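In: Whatever this is, show me its structure:
(chains A and B)
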Protein chains: 2
Amino acid sequence: MRVLCLAGGVGGAKLADGLQQILAPGELTVVVNTGDDLERHSLAICPDHDTVLYTLAGIADPTQGWGVAGETWQVMGQLGRLGAQTWFRLGDRDLATHLFRTERLRGGARPTEVALELARSLDVPSRILPMTDDAIRTRVRTTAGWLDFQDYFVRLHQEPDVLEVQFEGAEAASLTPEVRDAIRSAEAIVVAPSNPVVSIGPILAVPGLLAEIVAARGRGVPAIGVSGILGGKALRGPADRMMTSLGEEASALGVARRYAAAGLLDVFVLDRQDEDLSAGVRALGLEVVVTQTVMTDAGSRAALARDVLGAAAWAFAVAAEERLEGGNAPGGGSLQ
Amino acid sequence: MRVLCLAGGVGGAKLADGLQQILAPGELTVVVNTGDDLERHSLAICPDHDTVLYTLAGIADPTQGWGVAGETWQVMGQLGRLGAQTWFRLGDRDLATHLFRTERLRGGARPTEVALELARSLDVPSRILPMTDDAIRTRVRTTAGWLDFQDYFVRLHQEPDVLEVQFEGAEAASLTPEVRDAIRSAEAIVVAPSNPVVSIGPILAVPGLLAEIVAARGRGVPAIGVSGILGGKALRGPADRMMTSLGEEASALGVARRYAAAGLLDVFVLDRQDEDLSAGVRALGLEVVVTQTVMTDAGSRAALARDVLGAAAWAFAVAAEERLEGGNAPGGGSLQ
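Out: Alright, predicted model coming up:
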């Protein structure tokens, strides 16, 4: 089953890892957010891409979920001694990725080519595609003014409230042939439990990308989203506070509303603790699957991936039934 | 005593260290060769500068004489895993220097400013100045064709014979105000025992630099050179083979000839084992000092520096005497 997964950083990487575990090699394509990308120390850094890369390569730090396992910090230590700003910490092995990427980009390679090369070198059996080869930069208007994303996220520890989000450069960006082909050949589309505003948001801002997904759904390809907000709290990161300060509901229902409004999904996966939100999500026109969504180890990643793809098969069958029955909506169900 | 030292890599760094040991803080300025500079992994790398920097900062690797003591190689190991070329090996702490430099240069800083910042951060009491802020690249025509210097030096281990040397960009380069001021305020000029062709050669190719030294000599500032070729062999590197393949004599006399032809020196320092070359060097119009020139530890670096500055004082006295006596040449002597 060819699966396309839209992902941000840690949460997206975990579900992608679960999907990679249960799919055959080559069946998974992950489209990653590049809105957080930045230049530091003259290097091109792609935080979400690299988190997914290291996770799918099996070399991610197991406790923090990003960076390389067993990382060392010699370069950063010396950079500090030289008086450079070091709030954006880059480990030694991680730096090799940025050096490789920067050299290839300056030599004229496309970000997508470099991503494919990196994954190949690290024996990743899946494809990891930047959402676009063009520069899109997420900027946030906060109580501390307009900030570059990493300024807000890393330097200021997400302390200021986010009042507005902008994806600079999005209008001028193009869909890559690789992302287009991946959407067109997908048999299921998965939206990972990443931050809906600043991880999935920038991906959907790439002109033509959402339209391709909507077209795929029109052909019967099921699209399944998982909430990264459980019991009103983001598992990681500032998604909950961000949704509140943007005037949205900081809950799985709020996430579902965003995605439903965009026409992105067929099915929404709720965590057991959010089962009471099922009716609200169904009212948005989405099927609901309730399961355990917290991924604490390799097994729970694979389990969630199985539930998600099970939901995809189920949604596919429901859609087929609907077509047979002439469009009667099924009485939404709950997987298992 | 304000001393200006022209230096390449390891040999130059050692004598500079000796000079720094015996001079008061701030009295030493080292002008370093930038002809070997290169870009690797999108970083600006200045090998000779960094060897001098690390040596004068007291953090150079004590056995190899270049690179940082206790260096680690995490980044390079990972870069190799990613499929990057790694024949030009860069240690982790060393990389911090290149990252700092590259970021500052891309931000618009002059190489000279960056060099001053680096030295300040590492508490170096001397000034280390790039010979120019403009790009000069040493290229060598060899039995394997035209090569970039580091291609010849590192990748091919100096195996091809050098038939011609070119300092690309030299005609268009400018003397920096810092180098000009350092020459004009120097009370002695020292040419370190570096490769006369590819370390001192590029420095002298900077338009106006040699003329400033000649003018300083005209004002009575003594210029003292030390041979890096002893007993017909380069202490380190390919200087001897290079001089032979260029049709010059691979000996301290050959080195003296080069410098005398350029009008660079007053005094030439010969190692004891080359004492028999004294007459030949004197015949070039240079004073001769014979001493122990091999620097094996901090003490021998300081000892050679003392001999060199002693020779400077002596040359200065001789010149003053000559002026008093109406130009009678002194019967060359031997320091000690």
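In: Enumerate the residues of chain A near chain B.
Out: Within chain A, the positions adjacent to chain B are A:41-43, A:68, A:72, A:74-79, A:81-84, A:92-93, A:95-97, A:99-100, A:102-103, A:106, A:117-118, A:121-122 by C-beta under 8 Å from any C-beta of the partner chain. Glycine gets a C-beta too; all of them are placed from N, C-alpha and C.
In: filter the residues you listed to the buried ones?
Out: A:41-43, A:68, A:72, A:74-76, A:78-79, A:81-82, A:84, A:92-93, A:95-97, A:99-100, A:102-103, A:117-118, A:121-122 (16 or more other C-beta atoms under 10 Å in any protein chain shown).
In: Looking at those residues, which are in strands?
Out: Mapping these onto strands (DSSP state E) picks out A:Leu43.
In: Just the buried ones among the residues of chain A next to chain B: which are in helices?
Out: A:74-76, A:78-79, A:81, A:92-93, A:95-97, A:99-100, A:102-103, A:117-118, A:121 (DSSP state H).
In: So which residues of chain A form strands?
Out: Under DSSP E, chain A gives strands at A:3-7, A:28-32, A:38-40, A:43-45, A:127-130, A:137-142, A:145-148, A:162-168, A:188-191, A:223-226, A:229-230, A:233-234, A:267-271, A:287-291.
In: A:Glu171 touches A:Ile136, doesn't it?
Out: No - using C-beta atoms under 8 Å, A:Glu171 is not in contact with A:Ile136, being 9.5 Å away.
In: Look at the two and report which has more neighbours.
Out: Higher neighbour count among A:Glu171 and A:Ile136: A:Ile136, with 23 against 9, using other C-beta atoms under 10 Å in any protein chain shown.
In: Just confirm that one contacts A:Ala205, I think it does.
Out: Yes - A:Ile136 is in contact with A:Ala205 according to C-beta under 8 Å; the separation is 6.8 Å.
In: if we can go back for a sec, now render the strands of chain A as TSV, adding distance to A:Arg301 and mean pLDDT.
Out: As requested, the strands of chain A are exported to TSV (distance: least, C-beta to C-beta, whole Å; pLDDT from 0 to 100):
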stretch	distance to A:Arg301	mean pLDDT
strand A:3-7	12	98
strand A:28-32	13	98
strand A:38-40	28	94
strand A:43-45	25	97
strand A:127-130	16	98
strand A:137-142	26	96
strand A:145-148	31	95
strand A:162-168	28	97
strand A:188-191	13	98
strand A:223-226	12	97
strand A:229-230	16	95
strand A:233-234	18	94
strand A:267-271	14	97
strand A:287-291	13	95
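In: Show me the one of the ones you listed that comes nearest B:Thr132.
Out: Each of the strands of chain A has some distance to B:Thr132 by C-beta to C-beta; the shortest is strand A:43-45, at 26.7 Å.
In: So which residues make contact with the closest one?
Out: Strand A:43-45 is contacted from outside by A:37-39, A:88, A:90, A:95, A:98-99, A:101-102, A:105, B:42, B:99, using C-beta atoms under 8 Å, 6 or more residues apart in numbering or on different chains.
In: hmm, 6 Å instead?
Out: Applying C-beta atoms under 6 Å, 6 or more residues apart in numbering or on different chains, the contact partners of strand A:43-45 are A:38, A:98, A:101-102, A:105.
In: Select from these the one having the most neighbours.
Out: Scoring the contacts of strand A:43-45 on neighbours with other C-beta under 10 Å, the highest-scoring entry is A:Arg101 at 25 neighbours.
In: can you give me the helices in the stretch 151-300 of chain A?
Out: For the stretch 151-300 of chain A, applying DSSP state H, counting those that start in this stretch gives helices covering A:177-185, A:200-204, A:209-218, A:239-245, A:252-262, A:278-282, A:298-325.
In: Between these, which shows the greatest average number of neighbours?
Out: Highest mean neighbour count among the helices of the stretch 151-300 of chain A (mean count of other C-beta atoms under 10 Å in any protein chain shown): helix A:200-204, with a mean of 25.
In: what's in contact with that helix?
Out: Under the contact criterion C-beta under 6 Å, 6+ apart, helix A:200-204 has outside partners A:6, A:33, A:35, A:131, A:136, A:138, A:167, A:194, A:210.
In: picking up where we left off before, make a markdown table out of the helices of the stretch 151-300 of chain A and add mean pLDDT.
Out: Formatted as a markdown table, the helices of the stretch 151-300 of chain A follow (pLDDT from 0 to 100):
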| stretch | mean pLDDT |
| --- | --- |
| helix A:177-185 | 98 |
| helix A:200-204 | 98 |
| helix A:209-218 | 97 |
| helix A:239-245 | 95 |
| helix A:252-262 | 97 |
| helix A:278-282 | 98 |
| helix A:298-325 | 87 |
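In: Just tell me which of those ends up closest to B:Ala320.
Out: helix A:200-204 (74.9 Å).
In: Is A:Val191 in contact with A:Gly228, as I believe?
Out: No - if you go by C-beta atoms under 6 Å, A:Val191 and A:Gly228 don't touch, sitting 9.9 Å apart.
In: So A:Pro222 versus A:Leu264, what's the distance?
Out: 12 Å (C-beta to C-beta, to the nearest Å).
In: The two - which one has more neighbours?
Out: Taking neighbours as other C-beta under 10 Å, A:Pro222 and A:Leu264 compare with A:Pro222 leading, 25 against 22.
In: Apart from its chain neighbours, what residue comes closest to the more buried one?
Out: Leaving out its chain neighbours, the residue that sits closest to A:Pro222 by C-beta to C-beta, 6 or more residues apart in numbering or on different chains is A:Ala315, at 4.0 Å.
In: so how far is chain B from that neighbour?
Out: 39 Å (C-beta to the nearest C-beta, to the nearest Å).
In: Might one say that that residue is in contact with A:Gly220?
Out: No - counting by C-beta under 6 Å, A:Ala315 stays clear of A:Gly220, with 9.4 Å between them.
In: Once you drop chain neighbours, what's closest to A:Trp87?
Out: Spatially, and ignoring its direct neighbours in sequence, A:Trp87 is nearest to A:Arg155 (4.9 Å; C-beta to C-beta, 6+ apart).
In: ok, back up a step: please name whichever of the helices of the stretch 151-300 of chain A is nearest to A:Ala24.
Out: The nearest among the helices of the stretch 151-300 of chain A, by C-beta to C-beta, is helix A:298-325 at 12.4 Å.
In: Now do the closest one against strand A:3-7, angle only.
Out: 120 degrees (axes from the mean of the first three to the mean of the last three C-alpha atoms, to 10 degrees).
In: what about the strands of chain A, which gets the closest to B:Leu270?
Out: Here strand A:43-45 is closest among the strands of chain A (C-beta to C-beta), at 48.2 Å.
In: about what we covered before: take the helices of the stretch 151-300 of chain A and lay them out in JSON lines including distance to A:Asp271.
Out: Shown next, in JSON lines, are these (distance: least, C-beta to C-beta, whole Å):
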{"stretch": "helix A:177-185", "distance to A:Asp271": "27"}
{"stretch": "helix A:200-204", "distance to A:Asp271": "17"}
{"stretch": "helix A:209-218", "distance to A:Asp271": "24"}
{"stretch": "helix A:239-245", "distance to A:Asp271": "14"}
{"stretch": "helix A:252-262", "distance to A:Asp271": "7"}
{"stretch": "helix A:278-282", "distance to A:Asp271": "11"}
{"stretch": "helix A:298-325", "distance to A:Asp271": "10"}
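In: so which of those comes closest to B:Glu27?
Out: Closest among the helices of the stretch 151-300 of chain A, using C-beta to C-beta: helix A:200-204, at 56.4 Å.
In: CA atoms only: put that closest one into PDB for me.
Out: Output of helix A:200-204 as PDB, limited to C-alpha atoms (Å, rounded to 0.1, in the frame of the first residue of the first chain):
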ATOM      1  CA  ILE A 200       1.000  20.900   8.700                       C
ATOM      2  CA  GLY A 201      -0.100  24.500   7.900                       C
ATOM      3  CA  PRO A 202       3.000  25.400   5.800                       C
ATOM      4  CA  ILE A 203       2.700  22.200   3.800                       C
ATOM      5  CA  LEU A 204      -0.900  23.000   2.900                       C
END
